[in-house]
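Chemist: Need the 3D shape of this:
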Amino acid sequence: MSGLLTIFRNVIESELGNGSIELPVVADLGFSWRPDKQHFFPRGAEHSVYPHWMSTSDAVPVEAGRTELMRELTWIRSAVARAGELDDEERAELRRGVESLAGPYEEYFTRWFEEHDVDWVCAVNMTLSDAVPVTLGLHRAAARRWPPGVPGGVLFWDHDLFGTCAIFEDGARVYPASPNEFTPVPGTHPCHRWAVISPALADEVKGYPTELEATTLPNVLPTLGPREPGDRHASFLAQHQLAPDRPLLLVPVRVFQVKGVEIAVSMFAEMKRICEERGTPAPCLLVFGSLAEDPPYARKVVSVVQELNVQDDVVFLDGVPLSSHQDAEGRWRLDEIDLLGLCRDSGGAVLFTPNTSDVESVGLGPALAAIAEVPCAVTEYDCFEDIYGTRSSCVRVRDSTAIPAAADRLLDLMAKNQQGDFAVREALKRDKEQVLRSFDPNPWRKLLQEMANEVSGSGSGGKSDGKTHGTDSGTSY
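Modeler: Sure, this is the predicted structure:
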């Protein structure tokens, strides 16, 4: 499961006891993965399991089959990214393609809002142009549901925006560098609210063609339990043939080209070599993502694993679920919270190694390490210091030549943490405190209460119980 829905889970679960949200939260995931992700479009992996408070659907309200829809949405995204190069005929063709899909989605959302008596929609990462017709249909349906004066509406919650999400594929940008005539942006209707996850994204919004200002809402982090591994932890280790004395290194990213998993593998191989020299237990590498998401890149990563002869020590988890559970074969699939607990209890660390400097808008790997009170290793990316500052428990990997020294330094921090070294433990505690201040859940709580108060006692779509009847209308990964 991608990080966006995981963060949404953190938001909801941090708010469950405060009475501002009526359950279940209805989530439509029918367009939640990029249309070119063959094994994941539209809603993700088939084995996905969701929390008890979430009711999911994955409607595709068009006559086109899945393959045809994938092809059409991918063509639209590509054309939108190069809109400035299109002639008049091509622009007209693109507009017809967008409208042919926007209409069915508008009607679907209109019915969906009515069926679930929706007060507020949280539209996650839908400003990017992965599914322009879906976003346009949502805008239009929202305008019908919440005309001026009617409480409620849409919270557009963006983790990435055009300028800062500089992903290139086959030499071309996946998204335009800025909004254009084909990209709906929040602010076209009074029912819109807009939130982004960092001050840098809020600054980017100031240059967009809208009068709506974006509020900065930090990501909400999970809460770890006490240091008492349960039976499922032991079962998980056993099913992967992992000895309990081996430190666990987590790579909490998807197996996708910009995430730099190959760098994490290279650093892990160096750490294993050093451990063999020292005569200490070698760690094991757990990669969160699925090899099915980006097959060409996955082949590259697997090739590096084999070249470095660490295939017996690397586990690809095939995606991390929102909630820990046993699958149909009785095997445990652990969520992020359980995996962080195992990492902490084993004396492990986190490797966060993006290979592209200008794609991450926050980068949660160092934050996850901090709340687990374990060290981490991080490659260079643009917003790291803006978000995290200088952290003594975070080993910086400047380039590939720095991997040996970084591996040695990280192993030293791990060992001292396990041994109870006062200076290292205090540094980890300080980093945790700083991260918890930076990723404060209170702005989210305040906003959710404001949204609940707005619809409390209202007419159409409103309730008198002071709770928000919320929905998550999809995410783009």
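Chemist: Help me confirm that P176 comes into contact with V80.
Modeler: Yes. Here P176 lies in contact with V80, judged by Cβ atoms under 8 Å, at a distance of 6.4 Å. In short, each C-beta sits where N, CA and C put it, glycine included.
Chemist: Touching both of these two, which residues are there?
Modeler: Listed as contacting both P176 and V80 by Cβ atoms under 8 Å, 6 or more residues apart in numbering are 129, 183.
Chemist: Please export the C-alpha coordinates of stretch 76-87 as CSV.
Modeler: Provided in CSV are the C-alpha atoms of stretch 76-87 (Å, rounded to 0.1, in the frame of the first residue of the first chain):
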residue,chain,number,x,y,z
ILE,A,76,-4.5,12.1,-21.8
ARG,A,77,-1.8,12.4,-19.1
SER,A,78,1.0,12.4,-21.7
ALA,A,79,-0.8,15.0,-23.8
VAL,A,80,-1.5,17.2,-20.8
ALA,A,81,2.2,17.1,-19.9
ARG,A,82,3.2,18.5,-23.3
ALA,A,83,0.1,20.7,-23.8
GLY,A,84,2.3,23.6,-24.9
GLU,A,85,3.5,21.7,-27.9
LEU,A,86,0.1,20.7,-29.2
ASP,A,87,-1.5,22.4,-32.2
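Chemist: So in the protein, which helix runs the longest?
Modeler: Ranked by residue count and defined by DSSP state H, the top helix of the chain is helix 88-116.
Chemist: What are the buried residues along that helix?
Modeler: Buried residues in helix 88-116, defined by neighbour count with 16 or more other Cβ atoms under 10 Å: 94, 97-98, 101-106, 108-110, 112-113, 116.
Chemist: Pull the contacting residues for S266.
Modeler: The neighbours of S266, taking Cβ under 8 Å, 6+ apart as the test, are 304, 308, 400, 403.
Chemist: Am I right that the second one is in contact with A269?
Modeler: Yes. Look at L308 against A269 with Cβ under 8 Å: they come within range, at 4.0 Å.
Chemist: Who has more neighbours out of the two?
Modeler: Of the pair L308 and A269, A269 is the one with more neighbours under other Cβ atoms under 10 Å, namely 21 against 18.
Chemist: Okay, and that one sits in which element?
Modeler: Using DSSP states H and E, A269 maps to helix 261-278.
Chemist: I'd like the distance from that helix to the chain centre, please.
Modeler: Between the centre of helix 261-278 and the centre of its host chain there is 27 Å, according to Cα atoms, centre = their mean, to the nearest Å.
Chemist: Same check on stretch 24-33?
Modeler: Its chain's C-alpha centre lies 14 Å from the corresponding centre of stretch 24-33 when counted by Cα atoms, centre = their mean.
Chemist: do stretch 167-184 as well
Modeler: From the chain centre to the centre of stretch 167-184 is a distance of 20 Å (Cα atoms, centre = their mean).
Chemist: Buried residues in it, which are they?
Modeler: When neighbours are counted by 16+ other Cβ under 10 Å, the buried residues of stretch 167-184 are found to be 167, 174-176, 179, 182-184.
Chemist: Please apply the same query to stretch 39-58.
Modeler: Within stretch 39-58, the residues that qualify as buried by neighbour count (16+ other Cβ under 10 Å) are 40-45, 48, 50-51, 54, 56.
Chemist: Which two of the residues you listed have the greatest separation?
Modeler: Pairwise distances across these peak at 22.6 Å for F41 and P51 (criterion: Cβ to Cβ).
Chemist: Would you check how far apart F384 and R278 are?
Modeler: Counting by Cβ to Cβ, to the nearest Å, the gap between F384 and R278 amounts to 29 Å.
Chemist: Neighbour count: these two, which is higher?
Modeler: Neighbours per residue (other Cβ under 10 Å) separate F384 from R278, with F384 holding more: 22 against 12.
Chemist: hang on, isn't that one packed against C376?
Modeler: No. Using Cβ under 8 Å, F384 makes no contact with C376, being 11.2 Å away.
Chemist: any shared contact partners between the two?
Modeler: Contact criterion Cβ under 8 Å, 6+ apart; residues shared by F384 and C376: P366.
Chemist: W146 touches L155, doesn't it?
Modeler: No. The pair formed by W146 and L155 falls short of the contact definition of Cβ under 8 Å, at 11.9 Å.
Chemist: What segments of the stretch 351-477 of the chain are strands?
Modeler: The residue ranges that make up the strands of the stretch 351-477 of the chain, judged by DSSP state E, counting those that start in this stretch, are 376-379, 394-397, 470-475.
Chemist: how is this protein carved up into domains?
Modeler: Segmentation of the chain into domains, based on automatic domain parsing, reads 3-220+441-475, 231-438.
Chemist: Mean pLDDT for those - can I get that in CSV?
Modeler: Written out in CSV, the entries for the domains of the chain read as follows (pLDDT from 0 to 100):
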stretch, mean pLDDT
domain 3-220+441-475, 88
domain 231-438, 94
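Chemist: Distance check, the residue nearest to E107 when sequence neighbours are not counted against E72.
Modeler: Using Cβ to Cβ, 6 or more residues apart in numbering and skipping residues adjacent in sequence, the residue nearest E107 is P61, 7.0 Å away. With the distance defined as Cβ to Cβ, P61 ends up 14 Å from E72.
Chemist: Give the closest residue to P252 in space, chain neighbours not counted.
Modeler: Spatially, and ignoring its direct neighbours in sequence, P252 is nearest to F288 (5.1 Å; Cβ to Cβ, 6+ apart).
Chemist: quick one: contacts for the one you found?
Modeler: With contacts defined as Cβ under 8 Å, 6+ apart, F288 is in contact with 250-254, 317, 319-320, 336, 339.
Chemist: Now, those residues that are in helices?
Modeler: Among these, the members falling in helices are 336, 339 (criterion: DSSP H).
Chemist: Make CSV from the contacts of F288 and add distance to G420 to it.
Modeler: Rendered in CSV, the data for these read as follows (distance: Cβ to Cβ, whole Å):
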residue, distance to G420
L250, 22
V251, 26
P252, 26
V253, 30
R254, 35
L317, 30
G319, 35
V320, 30
E336, 26
L339, 23
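Chemist: so can I have CSV of the contacts of F288 showing distance to A123 and neighbour count?
Modeler: Putting the contacts of F288 into CSV (distance: Cβ to Cβ, whole Å; neighbours: other Cβ atoms under 10 Å) gives the following:
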residue, distance to A123, neighbour count
L250, 30, 28
V251, 29, 27
P252, 24, 26
V253, 24, 24
R254, 21, 23
L317, 28, 20
G319, 23, 21
V320, 23, 25
E336, 23, 25
L339, 28, 23
